[in-house]
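Novice: Generate coordinates for the sequence data below:
(chains A and B)
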Amino acid sequence: MSPAIFFQLIVNGLFTGGIYALVSIGLTLIYGVMVIVNFAHGEFLMLGIYIAFFANTLYGIDPYLAIPLALILIAGLGALIQRGLVQRVLDAHPLNQIVLLVGVSTLLVGLVQFFFTAEPRSIHVPYETEVIVLMGLRFSIARLIAFFASMGISLALYLFLRHTKTGKAIRAVSQSRDAAALMGINVKSIYTLTFGIGTGVTAVAGVLLAPNHIMIPTMGQAYSVIAFVVVVLGTMGNFVGAFLGGLIIGVVETFAGFFLGGDVKIIASMLIFIVILLFRPSGLFGRKRT
Amino acid sequence: MSTEISSKPAVRPVRNLWHNLFGDWDRTQITVSFILVGLMAASPLFVRSPYYMGIIILAALYAFIGISWNIVAGFTGQLLIAQIIFLALGGYTTIVLLNRFNVSPWVGIFIGGIVAACAGIIIAMITLRYGLKLDYFALFTIALLVALRTLFLKWDFVGGAVGMYLRLAQPSAAKMIFATKPPYLYIVLALLVFGIVVQYLIYSSKMGKYFIAIREDESAAAALGVNTSRYKTLAVITGATLAGIGGGFYVMYVTFIDPTGLFNLGVNVEMVMAGPIIGGLGSLAGPILGALVNKPIAELIRGFLIEERSGITLIVYGFFLTASILFMPRGLAGVFQTLYLKLKRPSKDSV
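Specialist: Sure thing, here's the model as predicted:
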């Protein structure tokens, strides 16, 4: 393999990984605060990409300008789902939590399929095939924008969690729900807010995918699975871990796709996943869990 | 006079029979299960349409598969979400044995069960060896499902992405190929009776008590000397075997198998999870009650729609799952149990 191909694969991997990072940050944030695995996570990405599609085909809005729209709509939907459904099973047996979220996921896929049909759709933007060539490496414009947008949003979310009062409250709840409640933090609204943020950023990842991705209602499942891999790799509940894990899995997948072929690249992630689960379930950044 | 004398001894057997059948909630559940099986067995007498017959067959199959999941998830509370792995393995084994090696499905189905059981042993050993529990266990099974799907898509010996069709020869009882539906119905009902009996035997044995102790509080069970690893493994193996057998029958009935159709979480919701969740996970009659509600209702709604819309079944199942968890976490069986206890209380006072 020539160095040119090697670096090109790294670039492509990071571009893919940027999206994975954003999706996984949402999942890990929800897990960190509520200790619940959002089995419906990929469906929020799917909703995001459909929002971009309809904004584009109905109103001619550039998909990237649909980011705020998707963020607000899906964060609102996520908050509603948390308040109406997830909140009620937080103390239930984990099996009930999973079944509920699997139900939500099935419901969302079904609704999208029912109203918008299962037909594959795609968006066409004028710049979709344009590339910048820099030092022999090719950067697709659309994916470059997507990459920097996902980096920017991740950074913004990180700063929000670090430095604002609300962000600190979210981190406090994830450290100890009871202690946070005793300090006067409204744990219930923090839950709702976190679920909203987590699903909202995932929808944004969907929007970022829109210009170069075929969309079908069942596409979310694959992203759920990838996000599971990433958050376990980067330690469940660890924000930076999910971010780095996303980039790592993106690169690994791209290399696997190059060597094994696109349709079996998922095997590489699954092997990493299984190995991590078995030998280091606390992930790359984790302390031993009790 | 004579009638009075003869009626007195006659009352007692009736009361005894009544007590044997409905004396407590467990017996009632078993009795109700067998009444439902009996009704399904009698259904060819009054159901003529092959379409409705097909719904009854699938409902019975879903009940059987539901029992297989109930033993793992309902009794021991293990988050084996992707139970459909075992079903797919059993199905693949059966059809590969028939198509490639000409092994009769009457044998193949049970070999499928054994293959699924082996997969169950491997999964249980690996996950227990490395202490994977709860969410991590659930994620592990899902990862396995995705990995197996990719593997089967690429594995030409078992048909690759196209999958495998039953070579539709002449109908022959030896190869479990029938021209009409009733033979399939009686095969699946035989499986269902087998499932009900196995489930009850486990439930009423010491092993069943250990299973439930593990579900309620695993560390407490371990502290009391229950070998939790052993019983969790046993539960997985039993569930896997039953699911594998069910998968074998499923393939013979629908005459077709492919990786994306069965290694599929959406299908997993429909075939495995919905029944026990609606009916009541962990109860004896739950999988049957649930399967008899969910399959016909999903089909009815699909039938009522003038325009064929693909999403409707998913909406129905999604609604069933979320609504059951929120409004009746113990399922239909839980609702009926409350009713049963209310009805029973007065008679208890008199005794």
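Novice: mind showing which ranges of the stretch 251-351 of chain B have poor pLDDT?
Specialist: The stretch 251-351 of chain B contains residues with pLDDT under 70 at B:305-309, B:346-351.
Novice: near chain A, which residues of it show up?
Specialist: Taking C-beta under 8 Å from any C-beta of the partner chain as the measure of proximity, the stretch 251-351 of chain B contacts chain A at B:265-266, B:269, B:273, B:277, B:281, B:309-322, B:325-326, B:329. The C-beta positions use only the backbone N, C-alpha and C, and glycine is treated the same way.
Novice: can you pull the contacts of the nearest residue to B:G66 once chain neighbours are set aside?
Specialist: If the residues on either side of it in the chain are set aside, B:G66 comes closest to B:P287, at 3.0 Å by C-beta to C-beta, 6 or more residues apart in numbering or on different chains. For B:P287, the contact set (C-beta atoms under 8 Å, 6 or more residues apart in numbering or on different chains) comprises B:63-67, B:69-70, B:275-276, B:279.
Novice: Quick check: B:P287 vs B:N70, distance?
Specialist: Separation of B:P287 from B:N70 (C-beta to C-beta, to the nearest Å) stands at 5 Å.
Novice: Please enumerate the strands of the stretch 51-200 of chain B.
Specialist: Secondary structure of the stretch 51-200 of chain B (DSSP state E, counting those that start in this stretch): strands at B:164-165.
Novice: next SSE after the lowest-mean-pLDDT helix or strand in chain A?
Specialist: In chain A, no helix or strand scores lower on mean pLDDT, DSSP states H and E than strand A:131-134, which sits at a mean of 80. Using DSSP states H and E, the helix or strand that directly follows strand A:131-134 along the chain is strand A:137-140.
Novice: List the buried residues in that following strand.
Specialist: Neighbour-count burial for strand A:137-140, counted by 16 or more other C-beta atoms under 10 Å in any protein chain shown, picks out A:139-140.
Novice: Which elements pack onto it?
Specialist: When contacts are defined as 3 or more C-beta pairs under 8 Å, 6 or more residues apart in numbering or on different chains; DSSP states H and E, strand A:137-140 packs onto helix A:3-34, strand A:131-134.
Novice: Residues in contact with it: which ones?
Specialist: Against strand A:137-140 from outside (C-beta under 8 Å, 6+ apart): A:4, A:7-8, A:11, A:15, A:129-133, A:212.
Novice: so how far is that strand from its chain's centroid?
Specialist: In this view, strand A:137-140 has its centroid 24 Å away from the chain centroid, taken as C-alpha atoms, centre = their mean, to the nearest Å.
Novice: Quick check: mean pLDDT of that strand?
Specialist: In this model, strand A:137-140 has a mean pLDDT of 82.
Novice: What strands line up against it, and which way round?
Specialist: Under the criterion DSSP bridges, strand A:137-140 sits next to strand A:131-134 (antiparallel) in its sheet.
Novice: returning to that earlier point: which single one of the contacts of B:P287 is nearest to A:G42?
Specialist: Nearest to A:G42 out of the contacts of B:P287 is B:W69 (C-beta to C-beta; 23.2 Å).
Novice: Quick check, pLDDT for that closest one.
Specialist: 96.
Novice: Do I have it right that it meets B:A274?
Specialist: No - applying C-beta atoms under 8 Å as the test, B:W69 and B:A274 come out as separate, 10.3 Å apart.
Novice: need the helices and strands packed on strand A:137-140 in JSON lines with mean neighbour count, can you?
Specialist: Written out in JSON lines, the entries for these read as follows (neighbours: other C-beta atoms under 10 Å in any protein chain shown):
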{"stretch": "helix A:3-34", "mean neighbour count": "23"}
{"stretch": "strand A:131-134", "mean neighbour count": "10"}
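Novice: so which of these comes closest to B:A161?
Specialist: Among those, helix A:3-34 comes nearest to B:A161, with 23.6 Å by C-beta to C-beta.
Novice: packing partners for the helix or strand just after the closest one?
Specialist: Following helix A:3-34 in sequence order, the next helix or strand is helix A:41-59 (DSSP H and E). In terms of contacts (3+ C-beta pairs under 8 Å, 6+ apart), helix A:41-59 is packed against helix A:3-34, helix A:67-84, helix A:94-116, helix A:187-209, helix A:220-233.
Novice: What average pLDDT does the third one get?
Specialist: Going back to what we said before, that points to helix A:94-116. On average, helix A:94-116 scores 92.
Novice: quick one on the thing from earlier: using JSON lines, lay out the helices and strands packed on strand A:137-140 together with distance to A:F243.
Specialist: JSON lines is the format used below for the helices and strands packed on strand A:137-140 (distance: least, C-beta to C-beta, whole Å):
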{"stretch": "helix A:3-34", "distance to A:F243": "5"}
{"stretch": "strand A:131-134", "distance to A:F243": "24"}
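Novice: quick one: B:I67 and B:L242 touch, right?
Specialist: Yes - using C-beta under 8 Å, B:I67 is in contact with B:L242, at 6.4 Å.
Novice: tell me, what's touching those two both at once?
Specialist: Residues touching both B:I67 and B:L242 by C-beta under 8 Å, 6+ apart: B:195, B:198.
Novice: For B:I277, which residues are in contact?
Specialist: A:99, B:290, B:320-321, B:324-325, B:331.
Novice: Once you drop chain neighbours, what's closest to it?
Specialist: Nearest non-adjacent residue to B:I277, counting by C-beta to C-beta, 6+ apart: B:S324, 5.0 Å away.
Novice: before we move on, what about A:F39?
Specialist: Sequence neighbours aside, A:L101 is the residue nearest to A:F39 in space, at 3.9 Å (criterion: C-beta to C-beta, 6+ apart).
Novice: Residue ranges in the stretch 101-250 of chain A under the pLDDT threshold?
Specialist: Judged against pLDDT under 70, the stretch 101-250 of chain A has no low-scoring part.
Novice: Which residues of it lie near chain B?
Specialist: Applying C-beta under 8 Å from any C-beta, one finds that the stretch 101-250 of chain A approaches chain B through A:102-115, A:117-118, A:217-218, A:221, A:225, A:228-229, A:232, A:236.
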